[in-house]
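**Q** Mind looking at a prediction? Sequence and model below.
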Amino acid sequence: MAHLLEVSNLSTLIQSGTRKVRALDDVSFHIERGETFALLGESGCGKSMTALSVLRLLPTGGHVVSGSVRLDGQDLVSLPEVTMRSVRGARIAMIFQEPMTSLNPVLTVSQQISEVLVTHQQLANAELKQRQLSLLESVGIPDPARVLASYPHQLSGGMKQRIMIAIALACEPDLLIADEPTTALDVTIQAQVLRLLRNLQTKTGMGMLFITHDLGVVAEVAQRVAVMYAGEIVELATRDEFFQRPRHPYSQKLFDSLPRSSKRGEALAVISGSVPRLDQEFVGCRFAARCDQVMAVCHEQAPRWINGDGGSGVRCHLYAAEMAGQGKLGAILVPLSTAQTTSQGGAEVGPLLKVSDLKVHFPIRKGFWQRVVGHVKAVDGVSLSIAPGRTLALVGESGCGKTTVGKGLLQLLPVSAGSVQFSGEELTQMPPQALRTRRGKFQIIFQDPFSSLDPRMTVMEILEEGMHVLGINNAQRQDHIDRLLTEVGLSPESQFRYPHEFSGGQRQRIAIARALAVKPQLIVCDEPTSALDVSVQAQILNLLHSLQAAHQLSYLFITHNISVVEYLAHEVAVMYLGRIVERGPVESVLGSPKHPYTQALLSAVPLVEKVSGREIIRLQGEMPSPANPPSGCHFHPRCPQALPQCPQQYPDQSVFDAGHTVHCHLYPCNH
Amino acid sequence: MMVQLTPLWTDWLIYALCVIIAVYIGYTRSKPHLLAPWRKVVRNPTAVASSVILLVFATIGLLDSIHFREALPQADNSGKTVYSAEIISAFDRLAKPLRDHVEKTYSAPLAVNLFAMESVEQADGRVARLFPRLKYAGGHLGKDIDQSTQDQWRLFTKGAISGALLWVLLGFMLNAALATHAKVRFSQMAQRLWRGQTELPWRTLLFTIGIVLWFGSIVWQLAPNYHLFGTDKVGLDVLYLTLKSIRTGLVIGILTTLVMLPFALLFGIMAGYFKGWIDDVIQYIYTVLNSIPSVLLIAAAVLMLQVYMDLNKDAFNSVVERADVRLLFLCLILGVTSWTGLCRLLRAETLKLREFDYVQAAHALGASHWKIMTRHIVPNVMHIVLITITLEFSSLVLAEAVLAYVGVGVDPSMHSWGNMINSARLELAREPMVWWPLAAAFVFMFVLVLAANLFADAVRDAFDPRVQ
Amino acid sequence: MIGYVLRRLLYAIPILIGVNILIFTLFFAVNTPDNMARIHLGLKRVTPDAIAKWKHEHGYDKPLLFNAQAKGAGKITETIFFGKSVPMFAFQFGAADDGRDIGHDIKTRMMPSLALAAPVFLVGLLLYITFALTLAFFRATYVDYAGVVLCVAMMSISGLFYIIGGQFLISKLLHLVPISGYQYGTDAFKFLVLPVAIGVIGGMGGSSRWYRTIFLEEMNRDYVRTARAKGLPERIVLFRHVLKNAMIPILTGVVVVIPTLFMGSLVSESFFGIPGLGSYTIDAIRSQDFAIVHAMVFLGSVLYILGLLLTDISYTWVDPRVRLS
């Protein structure tokens, strides 16, 4: 019997102007009924193009040049457009990464679901209504009748993605393509959506093509995995095989570059260089330039696809010889780069930064006279302190106010109440001129490397910007710039270039150099790696790590990524809805979390390693709006262990050993 | 020949504009990111073709902006040079025959007789109704006036051939230069050029220049001897009128945006950057200006000027100066009415930019507001300014015509397409119709505005990040 | 919602005061009431008595902005500015400089203006959107290319030429409709058909091209890809998904002009001899009648502010994300 989906030798070309991009080159794989097949790779490797080629929804200028896509034996590439339309949405459905933009903002949920049912199944009236309701129920939406009448903007991100899933499932497709369906969502919501997809699959027996860049998610959902690199599939294996012994050097590197607690103090393995452009002709292996097991043949000859057993395979010269000898595909593992331990900074001295009861409230104006009727309490009483040379990680889901804390303590936002003391000086009451001269001491690095550098300035101009505070004269200045660039791993020549000539990782290095230029003592790192691919993330984390050791820097590391926290932070503070719920040394908080929210957050993170007895605590619902937070403990409506007093009163701080503190009624005050 | 330069107000502004453009070019050449969009513009064949046309118009406009008084022939031998009271431009000197050949009244294009019958007393004393001969058109033929058609054909052929020859020569030189530069054989380069396989659209450039040369040299041959576009009511050569109108159109199209630019830039950026009460005040100002129907605002302002001029007749030395002040004033008031659109665009963009991480980073580095505005905001909104200037140009040229019709345009004594259309409108009612002043204004206006529109499109495509 | 509308209407008051001050300043910066009287009475041989009489009759016998002689509130109220501006807020436009009642004129001339402007607006909007949608449907083909070239060429022609050319071709050569003039009632049709057609054609280039850009921008959005992934036919994608979203930016530019349709079209009306507010305004400008110009400015501002308000309200109809508060 034919496979559900069989893609063979698919090549796709995207032409824009005179530039031809070979987005896909000779891609082959198949998917069975009831199976989840994961397509893994970094940005720009061609994962999404594969999905769009299958559905024939390529952007303008894109077309399939060769190969076939067979659904139950029927070739989709040669199908006329009209017939193809009856395949889309009915037999193959797709959900996209951005639930915010993928739904039409001006149509109700009901209109958007019924479209599919009317087009493909000609349902009408009561039957249509009934089907819509049952679909929403099946994706776990409470109160479906109300949601049907609402518009997308009235729903949260998680809800929108559920609706996307409902639309995709409306005609009970044979194959569901999920293109990074949880990347834009928070971990707790991601856990909900992943479980939903798995349950639905079990129920309907559909095949699933799951596209992701996250190894953890692959471990959680997939049965088989294909790794893509620069438009090619470089490795294909079952999940267990893949996670036990990845074969391709690229896959191995991906694993090694993941930050985790076991690698604390070591430098992470990195993949040097960047992904090659796809508008060129390749001679050898596409990964050769970045591979540390590269051989002479790799540069001269493109590697063939080598089949292993059980449908697995790899595209690498390393396995060619072995293949001939044993006829069996083993894994060639290289020893990890030798561990570099860095000195543990932070002797017990007074804190460099001390924030007490910081509040940042934004007024809500309403009514005829635009009176202030309430406040969005983005940050509502946050206290923390950082010692010199230490890293405090501020963890929380989007919308919890962690970025506002960072900007608030740097005085980039007006602070409503509370105090921020830096080296003993109070910043909140400082006159602007005095504050300006001290700004060099505390810097910030942003999440998006593309918007954090002024596109109209050369790297030199960018680095010079803050130097006037230091009073460096021109001769020293040039010297200083050269040294800075070398320190962050860029060549001094790059100072004459403009930001758009650099890749995301390099831009982030420039942003770090800009912060370092004014010799700061504290750097607020606002999700500095979340816009980067895993391999580049490792480079930046290594850099931050070594800079801390070299300059005794303190970091306030704002992130939602727990494994980065495990790797880098000394202390961690967990935020929920404008307040810190738990705080303490990283081993203690992550090792034995006390607050139910911390427990749920940690358990929702998909892990690469199999951990026995791990149970995911699934939170109900989503984080409420900070404009109207729940009474008492903000977390009580979602808390699995809520007590009667939780809605009444905000819990006091309970202290555990070694500075581990929690705000939770489960632990009555013990100080 | 001694001349006394007498630049008008608008002349100074045009010179200033030239300096600004020169500085901008010099500055841009050193900045690759500023140069990149312009590279895209010059790779666009439509943009190249339209900029050739625009350059031709600009050259005429520039020549027409060098005003002076000629020295009068010396009446006494005192050694003092006396200058004529009449202010003329360099273009007037070049087009002297056109300017001087003033007929009695209407005559059709290329005609040798007046358009209207007149009673003429003939040699034998009888009075006959006939179309009298023109004073200048075909004057060189003397008695052989019936040969005029053949003569026109001869001149036409002469112009066409010399234009074509010039073109071939130019193409030859261009090809030779390109071949040397690319280090290929001449014939190889010629082939590439012919097939349009060059990196820059040289073929389009050559083709457009060819058309311009061809028309130019035909006009060059015919215009001094005949009235190519006929004459108007008072016998002025219509070709001369249309050519003179170019400067008016250009001044209105460019200076208007130039005078409004500083205000729009300052207010727009301040409103978006500081928000709060500054934003409220600036928004109030531009809502007030916007809510007045623009024609009425212009009308009120021009009427005011009119009254002022009537009351202070002595302040102006000549009609030309008086008309110039009115033109400048019109630019100012048009600038005030069109200022708001750019201001609003800049405000919106600044609101967006001020939240950008690099602006936040500049704050974190302790940069002052002024520094952030000049170093981060202004360079990042300049593409909007440039797009607006090019897009506004054509609508301003068209607006001039409408204002002239309403009666609040440029001074009636000034040559402009608006005034030409306005006066020709009444002539349409004549039987048979006098169509040529209208047609001439139409053709020239259409070519200029079309070229400007196409050029603006190319500029927008290259500069607008959303289009890419 | 009602609170919002009320607040916006209150905001309108300072704006209208600003408009009045501006126009007033422009007019009297160099002009004096004496001058005006002289102009209207004929420049020569005017006795001071006649001037004083004219000024008194027309309400110009007071100080311009501030009356130092009056007492209390009279310092402000007993001025030309106050006397000429405040009644406007009650839509009392007063008399023109030649004595006619402006309010009455506006009332009678509004309908012919609307009869011309409203069809131009409606037919135009429908035609431009249809044309732009067609171009967007055939995007990146020769149809699209030719359409864009046509649009650019059409917008490069001055509106005056459309009128002159139309009158010449349709009325003078073909004698299909009268060249100009107007009759009230159903007879108006034959006088209006040509100006309407010309008005529509004159705006076609710019608007169609603009709408096309909006459509193309919307077609690159993620939700369009979702709609295609659902297997919907292109026609439904265009009409249900793209058109509805594109209406949001189109409305911003379009709704604001609806109230100002009453003001009529300056050029068209005077060319075709339609007795509307547009030609009224032109006549006033040419005869330098301050009272009429002032009234028209005020009316225009009120209608413009009304247009802004309507734009905001219309957003709530097409965009469910917008809520006024």
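**A** All right, it came through fine. Source: prediction; values computed, not measured.

**Q** From now on I want contacts and neighbour counts done on CA atoms only, so please keep to that.
**A** Fine.

**Q** shouldn't residue A:462 be in contact with residue A:514?
**A** Yes: counting by C-alpha atoms under 8 Å, a contact exists between residue A:462 and residue A:514, whose distance comes to 6.7 Å.

**Q** higher neighbour count, those two?
**A** residue A:514 (30 against 24; other C-alpha atoms under 10 Å in any protein chain shown).

**Q** Tell me the secondary structure at the more buried one.
**A** Secondary structure assignment for residue A:514 (DSSP: H, G, I helix; E, B strand; the rest coil): helix.

**Q** Show the pLDDT at it.
**A** In the prediction, the pLDDT value recorded for residue A:514 is 92.

**Q** Now the nearest residue to it once chain neighbours are set aside: which helix or strand?
**A** Taking C-alpha to C-alpha, 6 or more residues apart in numbering or on different chains, and ignoring the residues beside it in sequence, residue A:514 has residue A:463 as its nearest neighbour in space, at 4.9 Å. Using DSSP states H and E, the element containing residue A:463 is helix A:459-464.

**Q** How about the contacts made by the residue most central in space within chain A?
**A** The centre of chain A sits closest to residue A:530, judged by C-alpha atoms, centre = their mean, with a distance of 5.3 Å. Residues touching residue A:530, when contacts are defined by C-alpha atoms under 8 Å, 6 or more residues apart in numbering or on different chains, comprise A:447, A:537, A:559, A:561.

**Q** Find the least confident helix or strand in chain A, judged by mean pLDDT.
**A** One helix or strand of chain A scores below all others by mean pLDDT, DSSP states H and E: helix A:318-326, with a mean of 64.

**Q** right, and the helix or strand after it?
**A** Remark: after helix A:318-326, the chain's next helix or strand is strand A:353-366, criterion DSSP H and E.

**Q** That following strand packs against which elements?
**A** For strand A:353-366, the contact count by 3 or more C-alpha pairs under 8 Å, 6 or more residues apart in numbering or on different chains; DSSP states H and E identifies strand A:371-386, helix A:402-409, strand A:417-422 as packing neighbours.

**Q** what about 10 Å?
**A** Using 3 or more C-alpha pairs under 10 Å, 6 or more residues apart in numbering or on different chains; DSSP states H and E as the contact criterion, the elements in contact with strand A:353-366 are strand A:371-386, helix A:402-409, strand A:417-422, strand A:425-426, strand A:579-585.

**Q** now the third one: how far from the chain's centre is it?
**A** On the basis of C-alpha atoms, centre = their mean, to the nearest Å, the separation between the geometric centre of strand A:417-422 and that of its chain is 31 Å.

**Q** again with stretch C:64-82
**A** Worked out by C-alpha atoms, centre = their mean, stretch C:64-82 lies 33 Å from the chain centre.

**Q** Would that stretch count as contacting chain B?
**A** No: counting by C-alpha under 10 Å from any C-alpha of the partner chain, chain B is not contacted by stretch C:64-82; separation bottoms out at 16.1 Å.

**Q** hey, C-alpha coordinates of that stretch in CSV?
**A** What follows is the C-alpha trace of stretch C:64-82 in CSV, where atoms were taken according to Å, rounded to 0.1, in the frame of the first residue of the first chain:
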residue,chain,number,x,y,z
LEU,C,64,-10.8,94.4,14.9
LEU,C,65,-9.9,92.1,17.8
PHE,C,66,-10.0,94.1,21.0
ASN,C,67,-12.2,96.9,22.1
ALA,C,68,-10.4,98.9,24.7
GLN,C,69,-13.3,101.4,25.0
ALA,C,70,-15.9,98.9,25.9
LYS,C,71,-16.5,97.6,29.4
GLY,C,72,-16.1,94.1,30.8
ALA,C,73,-16.9,91.3,28.4
GLY,C,74,-17.5,94.0,25.8
LYS,C,75,-13.8,94.3,25.2
ILE,C,76,-14.0,91.0,23.4
THR,C,77,-17.6,90.9,22.2
GLU,C,78,-17.8,94.4,20.7
THR,C,79,-15.3,93.7,17.9
ILE,C,80,-15.5,92.9,14.3
PHE,C,81,-14.0,89.5,15.0
PHE,C,82,-16.6,88.6,17.5
